[in-house]
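only geometry, no sequence info:
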């Protein structure tokens with residue numbers, strides 16, 4: 001079987017299966033060993049197994065977004081880095097090199113795998129592709145994976161292809177979100193409609209990031225009231241690295257997510273424990289100011305919101321300008337029992353308050369790097385370039401607003417030179 005067909009027939013991500021290919025070099029059977037973990041590619045039917053492959057790609061997305069949200073929280077000062085790893089502290093002081101092994105292994109690897117595994121499903125000859133739920137699932141995963149790459153990385157690649165700009169990545173994400181909307185709607189099941197609505201939120205994010213405010217507002221308006229799509233995680237002690245909530249792992253197992261000072265308030269959207277109430281100690285053993293253990297995600301099985309009508313409302317308000325942003329600010333403050341905003345009502349002042357509210361709203365959900373890139377002047381609670389890193393013994397804070405493409409990708413991908 002040709003390699004290119006084999007890659008399409010069997011995805012390395014399906015149910016954690018490992019596939020080994022090889023040929024016997026000797027005429028005798030001395031080296032022949034029966035291995036129960038080996039799959040004979042000729043016995044795999046990718047169409048019949050489309051459901052497992054699509055669900056596997058969805059789990060890849062959930063796993064990847066746990067990583068990207070955690071690292072993005074250090075980069076945008078949602079949390080302080082309580083880790084001794086120099087590679088992780090580089091995210092905290094925003095001077096990440098392309099040789100950073102955490103960048104390549106923890107951030108780029110999982111999200112690019114999610115994008116690639118979904119494309120493998122989309123390349124299959126699945127029946128009734130215009131309404132097949134597995135096509136909707138894979139397009140949904142492809143859209144959100146590529147959107148996260150476009151949001152977090154300064155440039156990216158897809159499926160060993162050439163370097164793509166942020167605009168090209170956003171256009172690709174929009175294409176797949178449109179596919180998920182069309183196929184999910186045609187599928188007409190509860191899941192299909194839910195995937196379509198989540199994809200509408202994703203496409204609204206894409207359009208807002210590109211500056212297409214009318215398009216963003218239109219997609220946001222199409223999301224039904226009360227909608228929310230959550231990524232689900234499982235507390236499986238034997239598979240926590242793949243199946244559990246990464247933010248809780250990084251708050252408990254290796255306690256290195258410490259709520260940053262700006263978020264240490266009584267706002268109900270960002271909850272935490274500190275001092276003797278914390279159930280873990282920081283991994284570095286000496287986190288200045290103490291350890292503030294987030295409890296927004298308090299268990300290994302805590303779900304994480306991926307897309308919602310609430311986010312669509314924030315997209316629409318930003319797209320529609322200062323008056324709409326101010327109206328949403330007041331609405332959310334009232335809903336949360338906070339006093340009305342009484343500050344200046346200039347465009348700049350309202351934008352700052354709007355992004356402050358948005359920061360609390362979507363805390364630890366992996367959306368803040370996109371905010372920083374889209375509206376840097378409105379993000380007031382991030383240490384400026386040249387400022388002192390909160391932890392002694394490290395470099396001053398740099399000026400990065402996105403991640404470099406890892407050297408492992410440019411070295412191993414001949415099209416990314």
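Perfect, I can see it now. Because the structure is predicted, anything quoted here is derived from the model rather than measured.

the longest helix along the chain: which residues count as buried?
With secondary structure taken from DSSP state H, the chain has its longest helix at helix 50-75. For helix 50-75, a neighbour-count test (16 or more other C-beta atoms under 10 Å) marks 50, 52-75 as buried. Where you see a C-beta, it was placed from the backbone N, CA and C, and this is true even at glycine.

for stretch 328-348, buried residues please.
328, 329, 332, 341.

those in helices, which ones?
Judged by DSSP H, the subset of the buried residues of stretch 328-348 located in helices is 328, 329, 332.

on that earlier part again, how far does the longest helix of the chain sit from its chain's centre?
7 Å (C-alpha atoms, centre = their mean, to the nearest Å).

host element of residue 91?
Per DSSP states H and E: residue 91 is located in helix 86-92.

give me the distance from that helix to the chain's centre.
Centroid separation for helix 86-92 versus its chain: 18 Å, with C-alpha atoms, centre = their mean.

name the helices or strands packed onto that helix?
Judged by 3 or more C-beta pairs under 8 Å, 6 or more residues apart in numbering; DSSP states H and E, the packing partners of helix 86-92 are helix 50-75, strand 79-81, helix 101-102.

dump those into a markdown table; add distance to residue 236 as well.
Below are the helices and strands packed on helix 86-92 laid out as a markdown table (distance: least, C-beta to C-beta, whole Å):
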| stretch | distance to residue 236 |
| --- | --- |
| helix 50-75 | 12 |
| strand 79-81 | 25 |
| helix 101-102 | 24 |
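
work out the gap between stretch 276-290 and the centre of the chain.
Here stretch 276-290 is found 26 Å from its chain centre; the criterion is C-alpha atoms, centre = their mean.

neighbouring contacts of it?
Defining contact as C-beta atoms under 8 Å, 6 or more residues apart in numbering, one finds that stretch 276-290 is touched by 80-84, 251-256, 258, 261, 273-275, 291-293, 390-392.

so the nearest residue to residue 303 once chain neighbours are set aside is in which element?
What sits nearest to residue 303 in space, not counting adjacent residues and going by C-beta to C-beta, 6 or more residues apart in numbering, is residue 230, at 4.1 Å. Counting by DSSP H and E, the element that carries residue 230 is strand 228-231.

tell me the mean pLDDT for the helix or strand where residue 179 lies?
Using DSSP H and E, residue 179 falls within helix 166-187. Helix 166-187 carries an average pLDDT of 98.

again with stretch 195-205
Here the average pLDDT along stretch 195-205 is 98.

okay, now the nearest residue to residue 386 once chain neighbours are set aside: neighbour count?
Distances taken as C-beta to C-beta, 6+ apart place residue 396 nearest to residue 386, at 5.6 Å, with adjacent residues excluded. Here the count is done by other C-beta atoms under 10 Å, and residue 396 has 13 residues near it.

check residue 80 too.
Neighbours of residue 80 under the rule other C-beta under 10 Å: 24.

per-residue pLDDT, the closest residue in space to it that isn't next to it in sequence?
Closest residue in space to residue 80, ignoring its immediate chain neighbours: residue 258 at 4.4 Å, by C-beta to C-beta, 6+ apart. We have a pLDDT of 97 for residue 258.

was I right about residue 258 contacting residue 79?
Yes - proximity of residue 258 to residue 79 meets the contact threshold set by C-beta atoms under 8 Å, at 5.7 Å.

what's the spacing between the residue nearest the centre of the chain and residue 106?
In the chain, the residue lying closest to the centroid (C-alpha atoms, centre = their mean) is residue 65, at 3.3 Å. Distance of residue 65 to residue 106, computed by C-beta to C-beta, to the nearest Å: 12 Å.

so what's the residue lying closest to residue 264 once chain neighbours are set aside bridging to?
Spatial nearest neighbour of residue 264, chain neighbours left out: residue 292 (6.0 Å); criterion: C-beta to C-beta, 6+ apart. Judged by DSSP bridges, the bridge partners of residue 292 are residue 274.

let me know the distance separating residue 292 from residue 283.
In this view, residue 292 and residue 283 are 14 Å apart by C-beta to C-beta.

how about residue 209?
33 Å.

under the pLDDT cut-off, which ranges of the stretch 251-400 of the chain? List them.
Within the stretch 251-400 of the chain, not a single segment meets pLDDT under 70.

that one: strands as residue ranges?
In the stretch 251-400 of the chain, the strands defined using DSSP state E, counting those that start in this stretch lie at 257-259, 272-274, 292-294, 304-308.
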